Structure formats: structure tokens, C-alpha cells
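Student: below: sequence and its predicted model.
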Amino acid sequence: MAALIHSTALVDPLAELHPTVSVGAFSIIGPNVKIGAHTQVGSHCVIDGCTTIGTHNQFYRFCSVGGMPQDKKYAGEPTELTMGDRNMVREYVTINTGTTQDGGVTRVGSDNWIMAYVHIAHDCQIGDQVILANGVQMGGHVHIGDWAIVGGLAAVHQFGRVGAHSMTGGQSAVHKDVPPYIMSAGNPCVPVGINVEGLKRRGFSAESISALREAYKIIYRRGLTLEDAKTELRARQLAEPGIAAAIEPMIVFLDSSARGIIRP
């Protein structure tokens, strides 16, 4: 392991690093950190806190990972950060540990692309295959679904949720939940359609995409209340079993939204 750690790096003897981990110049690894095989830590990074990182991750220079939450209620409790595999974490990204008010764990999944200056706050839950463009800022307790894309300089309000396969434009101010499959943008963030191109690239069938287009119209174009829209979506599931699976994530998301969804 010593051959892969730069002579100017400070790695606490209690840290658990796989022998294939590399640590660049002037980086600091704390005592409660575990890092899996083939992960690369660039120069001038700090990884501390109770942090567990999987395999084949890349941390570019000047990352700060596993720092304590920016929450005035935090009183030094041993909260955690967990990260999966094959994540790309670019310059000046900050990722904080969780708080006891929300399970105590910040989670980042696998195969995510996290660009420069992104802030992932305490208790955030980031799925897999997510793209967070430069400067995305998240308040605490934010959930980002699998395959979601959040554009540069967008800000997501604390406790907000961004659904799977959605695409949110740059500089958006996300005050409400963004349902799955939706394209959205603006300040305040508003829906502008279904993420058709993204769904095609991920292998969604023409039938499923058509069903999601119709679901969008039911939610946003018919003048229905949210409860009436959910009732109509469930009726469509029963009437057309072939599209039931495509619509289900949308209904589940709407049922569980605490902040309410974005509106035109």
C-alpha cells in the first residue's frame, strides 16, 4: 500500500485502504475511512468522517468528502457517508455525512458523474447513473433518482426529490419535487415535457414512451387535481396492463411526495 501513497499525503494508520488504492500529494485520509479496490484519490483531497467508499472511484484534486454536516443541530454524533462503485468525483466537490434527524447516513450510489463544485449535503440520497453538472447545490435530505440529470448551477431545496430518468435544466431553482421522466427548467422550476431522448437511449419501448407522454398530459394538461390525476393513471394501468409497469414509478412518486410536485 505504501507504494501507492504519495510521500506528502497523510493517511491515518486506522484508515482501511485496499492495497490497490492510490492517494495523491498532500491529501489527508481520516481514521474512520474505508476505501475499496482501485479507487484513486487525487492531490489535495480530504476524506474523513465515518466514510465508506467502494471500488474503482476517482476523486479529482481538492475534493472534500465525509465532512461534518452543515446543520446547526449537529452535535458531533457519529454519522456516516457511504459511496458505491465507479463514481467520478471532480474538483472541489463537497459531500457531507448525515444527521441523526434522518437516519444518520448520506448515500451516493454507483456509476455517477459528479462534476466540479457540486455540493451534496447531509442525508442526501443519490441513486445510480446520475449526472450532476458543475455547481449543482443540494440542501439536506435531497433524494435524486437513478439516471437523473441535473444541469449546471441548479439548486435543489432541502427535502426535495428529483425522480428517476428526469432531466432538470441549468440554473433551475427546484423548490418542489420533480416527478420521474420529466424534463424541467426555470426559476421556479417548471415541467416542460417528458425526457423522450433520454428514455430512448436507455431502451424504453415506443409503447412505454407513448404511455408516459399520456401520463404527462393527465397530470399537467387536463386541469385535474393531483388526486384525480392519480385516479386516472391507475385506471389506465388497469385498462392497459402492457403499460402498467412504465406508469407505476410515476404513481408511486406522486403518492409519496411530501412537498408537492412542480407545476407549470
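Tutor: Cool, the structure landed. Numbers count the residues shown, from 1 in each chain.
Student: drop to CA atoms for contacts and neighbour counts, all remaining ones
Tutor: Will do.
Student: three-state assignment of M250?
Tutor: Reducing the assignment to helix, strand or coil with DSSP: H, G, I helix; E, B strand; the rest coil, the entry for M250 is helix.
Student: hang on, it packs against I182?
Tutor: No: shown here, M250 and I182 do not form a contact pair, counting by C-alpha atoms under 8 Å, at 9.8 Å.
Student: neighbour count: those two, which is higher?
Tutor: Taking neighbours as other C-alpha atoms under 10 Å, M250 and I182 compare with I182 leading, 25 against 21.
Student: please tell me how far that one sits from Y74.
Tutor: Distance of I182 to Y74, computed by C-alpha to C-alpha, to the nearest Å: 35 Å.
Student: quick one: low-confidence parts of the stretch 1-150 of the chain?
Tutor: Applying pLDDT under 70 to the predicted model, the residue ranges of the stretch 1-150 of the chain that meet it are 1-3.
Student: send the alpha carbons of stretch 116-128 over as PDB?
Tutor: Output in PDB follows, covering the C-alpha atoms of stretch 116-128 (Å, rounded to 0.1, in the frame of the first residue of the first chain):
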ATOM      1  CA  ALA A 116     -16.800  20.300 -10.300                       C
ATOM      2  CA  TYR A 117     -18.100  22.400  -7.300                       C
ATOM      3  CA  VAL A 118     -21.100  20.100  -6.600                       C
ATOM      4  CA  HIS A 119     -22.300  20.200  -3.000                       C
ATOM      5  CA  ILE A 120     -24.100  17.000  -1.700                       C
ATOM      6  CA  ALA A 121     -25.400  18.000   1.700                       C
ATOM      7  CA  HIS A 122     -26.200  15.900   4.800                       C
ATOM      8  CA  ASP A 123     -28.600  13.000   4.400                       C
ATOM      9  CA  CYS A 124     -28.900  13.300   0.600                       C
ATOM     10  CA  GLN A 125     -29.600  10.000  -1.200                       C
ATOM     11  CA  ILE A 126     -28.100   9.900  -4.700                       C
ATOM     12  CA  GLY A 127     -29.000   6.900  -6.900                       C
ATOM     13  CA  ASP A 128     -27.100   5.200  -9.700                       C
END
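Student: quick one: that stretch to chain centroid distance?
Tutor: Taking the mean C-alpha point of stretch 116-128 and that of its whole chain, the gap between them comes to 5 Å (C-alpha atoms, centre = their mean, to the nearest Å).
Student: again, but for stretch 51-61
Tutor: A distance of 16 Å separates the centroid of the chain from that of stretch 51-61, by C-alpha atoms, centre = their mean.
Student: tell me the contacts of I95?
Tutor: S64, V65, G66, G67, H119, I120, A121, H122 (C-alpha atoms under 8 Å, 6 or more residues apart in numbering).
Student: so which of these is the most crowded?
Tutor: Within these, H122 tops the neighbour count with 31 neighbours, counted by other C-alpha under 10 Å.
Student: I'd say that one and Q137 touch.
Tutor: No: in this structure, H122 is not within contact of Q137 by C-alpha under 8 Å, at 11.9 Å.
Student: all helices of the stretch 101-250 of the chain, in order?
Tutor: Counting by DSSP state H, counting those that start in this stretch, one finds helices in the stretch 101-250 of the chain at the ranges 196-201, 206-220, 226-239, 244-256.
Student: pull out the buried positions in the last one.
Tutor: It stands for helix 244-256. Of the residues in helix 244-256, those scored as buried under the neighbour-count criterion (16 or more other C-alpha atoms under 10 Å) are A244, A246, I247, P249, M250, I251, F253, L254.
Student: go on, the shortest one?
Tutor: Within helix 196-201, the residues that qualify as buried are V196, G198, L199, counting by 16+ other C-alpha under 10 Å.
Student: how near is the last one to F26?
Tutor: Separation of L199 from F26 (C-alpha to C-alpha) stands at 42 Å.
Student: how is this protein divided into domains?
Tutor: Each domain of the chain is listed here as a residue range: 2-141, 199-256, per automatic domain parsing.
Student: now the end-to-end length of the shortest one.
Tutor: Translated: domain 199-256. Across its full length, domain 199-256 reaches 23 Å between end residues, using C-alpha to C-alpha.
Student: repeat that for stretch 66-73.
Tutor: In stretch 66-73, first residue to last residue: 17 Å (C-alpha to C-alpha).
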